[in-house]
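Trainee: Give me a model of this one.
(chains A and B)
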Amino acid sequence: MKFSLSWLKYFLDTDASIEAISDKLNAIGLEVEGIEDPSVRLAGFRVAKVLKAEKHPNADKLQVLSVDAGIGEPLQVVCGASNARAGMVGVLGLAGAIVPSNGMALKQAALRGVESNGMMCSSRELELGDDHDGIIELPEGAPVGRGFAEYRGADPVFDIAITPNRPDCMGVFGIARDLAAAGLGTLKPFVAEPVAGKFPCPVEIRTDDSEGCPAFYGRVIRGLSNGQSPEWMRQRLEAAGQRPISAVVDITNYVMLAFGRPAHAYDCAKLSGAVVARRARDGETVLALNENEYALGGEMTVIADDSGVHDIAGIMGGADSGCSQSTTDVLLEIAFFDPECIAATGRKLNLTSDARQRFERGVDPAFLDAGLDILTDLILRICGGEASEVIRAGAPPAEPKIVSYDPALAGTLGGVDVPGSEQKRILSELGFAVADDWSVMVPGWRPDIDGAADIVEEVIRIHGLDKVASVPLPRADGVAQPTATPVQRLERRVRRAAAARGLNEAVTWSFLPQADADAFAEGNGGLWVLANPISEDMKVMRPSLLPGLLAAAKRNVDRSAQGLRLFEVGRRYLRGEGGASDERLAVGLVLAGEKSSRGWATGKAVQFDAYDAKAEALALLAEAGAPVGSVQVMGEAGPQFHPGQSGTLRLGPKNVLARFGMLNPATLMRFDIDMPVAAAEVFLDAIPGKRGAASFARAPYTPPALQAVTRDFAFLVPEELRAGDLVRVIGGADKANIVAVSLFDDFRGSGVPDGQKSLAVEVTLQPAEKSYTEEDLKVIADKVTVAATKLGAVLRA
Amino acid sequence: MDYAATGQEALSRVESAGDLDALESLRVEFLGKQGSISGLLKTLGKMSPDERKLEGPKIHGLREAVSEGLAARKQALEGAALEARLAGERIDLSLPAPEQPRGSVHPIAQVMDELAEIFADLGFAVETGPEIEDDWHNFTALNMPESHPARAMHDTFYFPDRDDQAREMLLRTHTSPVQIRTMLEQGAPLRVIAPGRVYRSDSDATHTPMFHQIEGLVIDKGIHLGHLKWTLETFLKAYFERDDIVLRLRPSYFPFTEPSVEVDVGYAFEGARRVVGGSGEGPGHAWMELLGSGMVNRRVLEAGGLGPDEWQGFAFGVGVDRLAMLKYGMNDLRAFFDGDVRWLSHFGFSALDVPTLSAGVGTPA
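Mentor: Numbering: from 1, shown residues only, chains lettered A, B, ... in the order given. Below is the predicted model of the structure:
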């Protein structure tokens, strides 16, 4: 909402400075977004009289002027304008002034050998118009020497953000009222005398839609001339960002911006029959003033006559019945439209307007007659003509809202005690009527006031929020209690574990391109696809953390990264019960390219492989408290992975805790990544929680007194046997003695028959009570061999 | 026999032994089974007791001296050999040591941990809620019925889906729906924060369609705006670790709070960087909008199943990304979500930078 200082002062008697007004506006919740002050912009430009004009000795098109700018001796100024002549009054820019149109600072300079002490200005140079044919000519009596901004009526313009609860401040008068209540001056009441009708209204006015348009008042003014609106009005409108059009249209805009009250004027010559507020019929269309054609629906209120729809009620008038320069008779419409209907229609048509903004926030239902009086008065004074009687179809909601209030609430809710008398003063200056029992009647222009809390807000915002003192929240006795939930602790722990292992945490978008999401979407019950994405690249909620990380990896590769370790802790978005989402916490990680770069000691660069991904997945699972000792490596990591170099980590056959491996080259091709990538995804939601109450005490433990013994075994096994299975059965061969099995060799080649491989393990044995005898060791070794034999393994000699 | 001369000669030969092998042959020559000094010792058996008394100590002395000489020479030779070996083992320690990759925690996660730490001390628990929300939790329950103009101002991402109760599904536009969920699940009194991702269909230099918010909610008896102001001041002082944080409260409008308060914080420029602290009125200072807040609207309490005449409270919401930028000096929000490892390494945090109150929640540069 923009308005000029002079317009504000038209309603508010105040001597306050621009800064004081601005500070107060901010303090009472009318946020100042900007102030444009022409007296700053036009500093250094003065009203000046040309005393003499002589030809420039060295240039045909230039003149040398002697100019009286009201400062001592006349100044010599070189000027190229053809209309510069002795006796004229114009605008002189002094040395040091900044020309608004081009930002150049004027300075004393010689032009073709003649000194010039400034510049006589055109309208365009001062950004006051497009006229550049000559310099500005002011009336003869213009006060020579006065600052031009002051002469012109330097009028700073405020730009204010109005919150949606304050339709009353979508008019300058409402802003003045707020400022007056806040002690910044005195509100000048504004009433237009009612104009008695000279003749019956010749146009029938009706509302057939009492829901969407409870009240439709109107009258005709005939015999007017719709020329240009007066200078003062055009200046106010222009300052407010409204382009002047014609007197009648400007007057309706003026009333809207001054009082927050939209109205409409129809050219009577373009109407036929009764003018009716009704619901649109399906299939009806209207060409609106913005020259767009809108298809209307039965839920929309329109103003129509026998020939069709003329107005999308409360939102925008029609192009056909608008007023033009030739209009002589107008029908004024001032109506009350239901805010929800307006909002719904506006949304449906995707059409915003100044009128819609005000109607959907709620205009004052008690301001129909007063508004019509103001409109009539302005039109008769500016355009002439005579007014008909007023027709009032329907009635606006008239029930005044009463809020029962307790002045103690200012302290108990608002945090600042305000004396009752001051509360009464504030409220009555804002237009509330306060009864002795503190029941408060809400003025019609405050549809936002709903209950006592709203009254508290009115009181404390005017009283001053800066007077609210800080009061500590009561603090529980003792040390603060832990507050993080198990999931939060898990998330933090896993994040820091990954970072400690050398991975860089990224945060990527929750949404993906459709194709990327599809590629990672199998079997999750359907993707969440946005109806109104901001772009095709941000359309589908991610079913996996990997595609976002791969896109990030691609960007890094494009920036010449050779090796990457990226991870993210975040949600996957799946379908849940009852149409809700199922958002599951996961860790994704990608290991791309070089694990270690070439080095003087290590030789060639080493690429990441599937075991690196496995190591990360297992380490994170261990940190997350998963029973990694019971985790099995199984298949089916998904088609995004290399079928022979990937796997899942499961607890039991169904519960997949993680998937890992090398990505399928086809996946990498989709992301345009030209290096091998290992990846893992750890499903934190799948990790079983700890049973029972948390205890700090660990299980009892004393390190064994006797030394552990190691024994090596080498087996020939079928080539397809999974080494992990061999390790597992050996570990289970004698649980009382075997504490660890570590596989240290996987060999195929000379000495090993085709179709077989040699696996060697080191078995750690821990004696309990007494040291092993040779006999004991032989018994254990036999158990190991027997267990291995079940997998087809043969002990190598 | 002139033992002295024999000893002299033996010792001099030991002294000039060039290496351990030569020394060993000398040991055999003198002290071995067939050695010359061993031979002298054997002669003692054949001597008369008087002779033995006279000769014994001399022969033993000779053996002792040679034996010591051999040991000394051996130690010297071994020392020299070790020195020579070590001299050959010299390496260039200016060569680079094996590198360990340095991981990092994202600033958003770090700042969220910092905030959780601060609010834990103030007795706030951490709550979460779904990001794919229904319009009842995101709007209606927060006093934004369907026709409410504020809905349109939220730039909401919608899904074509509706849930079983025919509620429109959308991406939450703020963390405030967690207020409703927490009230419904836990009742009152409450002190919670709810951090998380939120979404607005908005994208320019300072807005990204996804960003992070942290919501605060206190519901209790007798809570008023003064408590809100104190809580915000206290948390910001702890977060920025400075005592000169000055807040300016301005009346504003949010459908879910009444009264509603926009909170500005005073700052000054240090070079191109905004540094929070001091009053916005002070010389060289200004105010910057930091967060929105207010007293919870009674309609919201009702939607949360709480009696609005019994309970009242406050709520606030603040951008986590922005808090991170203000504290740690990033100037481009978009970079937060780009995953550039150079940026992550520069602005990220060590795994060991776990925020604690005793060490100060922040991590110095």
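Trainee: Please parse chain B into its domains.
Mentor: B:3-88, B:107-347 (automatic domain parsing).
Trainee: now the strands: where do they sit in the stretch 101-250 of chain B?
Mentor: Remark: strands assigned in the stretch 101-250 of chain B by DSSP state E, counting those that start in this stretch are B:125-126, B:132-134, B:158-162, B:168-171, B:190-199, B:210-220, B:247-254.
Trainee: Averaged pLDDT, the first one. What do you get?
Mentor: The average pLDDT for strand B:125-126 rounds to 92.
Trainee: That one vs chain A: in contact?
Mentor: Yes. Strand B:125-126 is in contact with chain A by CB under 8 Å from any CB of the partner chain, via B:125-126. Just so you know, the C-beta spots here come from the backbone N, C-alpha and C atoms, and that holds for glycine as well.
Trainee: show me where pLDDT drops low in the chain?
Mentor: In the absence of a named chain, this looks at chain A. By pLDDT under 70, the low-scoring segments of chain A are A:129-131, A:523-525, A:692-693.
Trainee: that's the other chain; I wanted chain B
Mentor: In chain B, residues with pLDDT under 70: B:1, B:149.
Trainee: In terms of secondary structure, what does the lengthiest helix in it contact?
Mentor: The longest helix of chain B (DSSP state H) is helix B:49-88. In this structure, helix B:49-88 makes packing contacts with helix B:3-15, helix B:20-31, helix B:36-43, judged by 3 or more CB pairs under 8 Å, 6 or more residues apart in numbering or on different chains; DSSP states H and E.
Trainee: Spatially nearest residue to the residue nearest to the spatial centre of chain A (excluding sequence neighbours)?
Mentor: With distances taken as CA atoms, centre = their mean, residue A:534 lies nearest the centre of chain A, 12.5 Å away. Nearest residue to residue A:534, sequence neighbours excluded (CB to CB, 6 or more residues apart in numbering or on different chains): residue B:209, at 4.9 Å.
Trainee: count of neighbours near that neighbour?
Mentor: Other residues lying near residue B:209 total 22 when counted by other CB atoms under 10 Å in any protein chain shown.
Trainee: Could you dump the domains of chain B into CSV and include distance to residue A:570?
Mentor: Converted to CSV, the domains of chain B look like this (distance: least, CB to CB, whole Å):
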stretch, distance to residue A:570
domain B:3-88, 55
domain B:107-347, 8
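Trainee: out of those domains, deepest packed?
Mentor: Mean neighbour count, computed with mean count of other CB atoms under 10 Å in any protein chain shown, is highest for domain B:107-347 among those, reaching a mean of 20.
Trainee: roughly how far is that domain from the heart of the chain?
Mentor: Taking CA atoms, centre = their mean, to the nearest Å, the mean C-alpha location of domain B:107-347 is offset from the chain mean by 25 Å.
Trainee: For residue A:269, what are phi and psi?
Mentor: Main-chain dihedrals, residue A:269, degrees, to the nearest 10: phi -60, psi -20.
Trainee: Can you tell me how far it is from residue A:508?
Mentor: 63 Å (CB to CB, to the nearest Å).
Trainee: Just want to know which of those two has more residues nearby.
Mentor: Each of residue A:269 and residue A:508 has its neighbours counted (other CB under 10 Å); residue A:508 has more, 22 against 14.
Trainee: Touching, the more buried one and residue A:554? I think so.
Mentor: No. Residue A:508 is beyond contact range of residue A:554, at 11.6 Å (criterion: CB atoms under 8 Å).
Trainee: Show me the helices in the stretch 101-250 of chain B, by range?
Mentor: Assigned helices in the stretch 101-250 of chain B, in chain order: B:107-121, B:135-138, B:149-152, B:177-186, B:225-240 (criterion: DSSP state H, counting those that start in this stretch).
Trainee: do the last one and chain A meet at all?
Mentor: Yes. Using CB under 8 Å from any CB, helix B:225-240 reaches chain A at B:225-231, B:233-234.
Trainee: What are the boundaries of the helices in the stretch 501-650 of chain A?
Mentor: Using DSSP H, counting those that start in this stretch, helices in the stretch 501-650 of chain A cover A:514-519, A:546-558, A:610-623.
Trainee: need those in a markdown table with mean neighbour count and distance to chain B, can you?
Mentor: Converted to a markdown table, the helices of the stretch 501-650 of chain A look like this (neighbours: other CB atoms under 10 Å in any protein chain shown; distance: least, CB to the nearest CB, whole Å):
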| stretch | mean neighbour count | distance to chain B |
| --- | --- | --- |
| helix A:514-519 | 18 | 14 |
| helix A:546-558 | 23 | 3 |
| helix A:610-623 | 21 | 11 |
